[in-house]
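# Pasting a predicted model and its sequence here:
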Amino acid sequence: MVNEQLKARLKLLNEHLAAETRYDIEGIMQTYEKEAVVLINGSVFSGLESIRKFHERLGFDQNGGFADLKVGEKRRYVSEKAIIIEQTLSGVHTGTWQGFAATGRAFEIPVCTVYIFGPENKLAGENVYFDAAQLLRQLGAAI
């Protein structure tokens, strides 16, 4: 049987993922604790403003480097300390991202995200891992 804390965390994570699907930046941000930290392949985004800017630059507000962003869930692993999801991230490179001008190319990459929760059952952090070289190859950048 799933305890109440774990139920609350699963509910919040589902709200977070649904907000990403809707490109609802406010909804995304409401799922984080005030002092949350997001690590993307080792790059640190600390605090709500930094996390918001990361999501906006990527395109989760429909104005960043990528359009038609989709996060597809493949497998979910649930524990008392974290929820880990094997995902795919896909989209189209329609704006400048990390210094690369838009290519118009579509991409789809595997991603693994470890979602960590705080005492209020909000996201205290995300540790996101993906093969950046694979993404750059799909965008046509020389590696």
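Thanks, I have the structure now. Residues are numbered from 1 along each chain as shown.
# I'd like to know the average pLDDT value across the longest helix seen in the chain.
With residue count as the measure and DSSP state H as the assignment, the chain has helix 4-21 as its longest helix. The average pLDDT within helix 4-21 is 95.
# what does the helix or strand just after it rub up against?
Next along the chain after helix 4-21, taking DSSP states H and E as the criterion, comes helix 25-29. Helix 25-29 is contacted by residues 15-16, 18-20, 48, 51-52, 55-56, 60-61 when judged by C-beta atoms under 8 Å, 6 or more residues apart in numbering. C-beta coordinates here come from the backbone N, C-alpha and C atoms, glycine included.
# again, 7 Å this time
16, 19-20, 48, 52, 55-56, 60-61 (C-beta atoms under 7 Å, 6 or more residues apart in numbering).
# which one among those gets closest to Leu89?
Of all the contacts of helix 25-29, Glu20 has the smallest distance to Leu89: 9.9 Å, by C-beta to C-beta.
# dump the residue contacts of that closest one.
28, 60, 71 are the contacts of Glu20 under C-beta under 7 Å, 6+ apart.
# so which of these would you say is closest to Gly95?
So of the contacts of Glu20, ranked by how close each gets to Gly95 (C-beta to C-beta), first place is Phe60, at 12.6 Å.
# Just to be sure, the closest one is in a helix?
No: counting by DSSP: H, G, I helix; E, B strand; the rest coil, Phe60 is not found in a helix; it is coil.
# That one and Lys11, how far apart?
Plainly put, Phe60 is 20 Å away from Lys11 if you go by C-beta to C-beta, to the nearest Å.
# more neighbours, those two?
Here Phe60 and Lys11 are set side by side on neighbour count (other C-beta atoms under 10 Å), and the busier one is Phe60, at 24 against 11.
# my read: that one touches Tyr23, true?
Yes: with contact defined as C-beta atoms under 7 Å, Phe60 reaches Tyr23; the gap is 5.8 Å.
# Extract the C-alpha set from the longest helix of the chain and format it as CSV.
Output of helix 4-21 as CSV, limited to C-alpha atoms (Å, rounded to 0.1, in the frame of the first residue of the first chain):
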residue,chain,number,x,y,z
GLU,A,4,0.0,9.4,2.0
GLN,A,5,3.3,11.2,1.5
LEU,A,6,4.2,9.1,-1.5
LYS,A,7,0.7,9.6,-2.9
ALA,A,8,1.2,13.4,-2.5
ARG,A,9,4.5,13.2,-4.3
LEU,A,10,3.1,11.2,-7.2
LYS,A,11,0.3,13.6,-7.6
LEU,A,12,2.6,16.6,-7.6
LEU,A,13,5.0,15.0,-10.1
ASN,A,14,2.0,14.2,-12.4
GLU,A,15,1.0,17.9,-12.1
HIS,A,16,4.5,19.0,-13.0
LEU,A,17,4.6,16.7,-16.1
ALA,A,18,1.1,17.8,-17.2
ALA,A,19,2.2,21.5,-16.9
GLU,A,20,5.2,20.8,-19.1
THR,A,21,2.9,19.2,-21.6
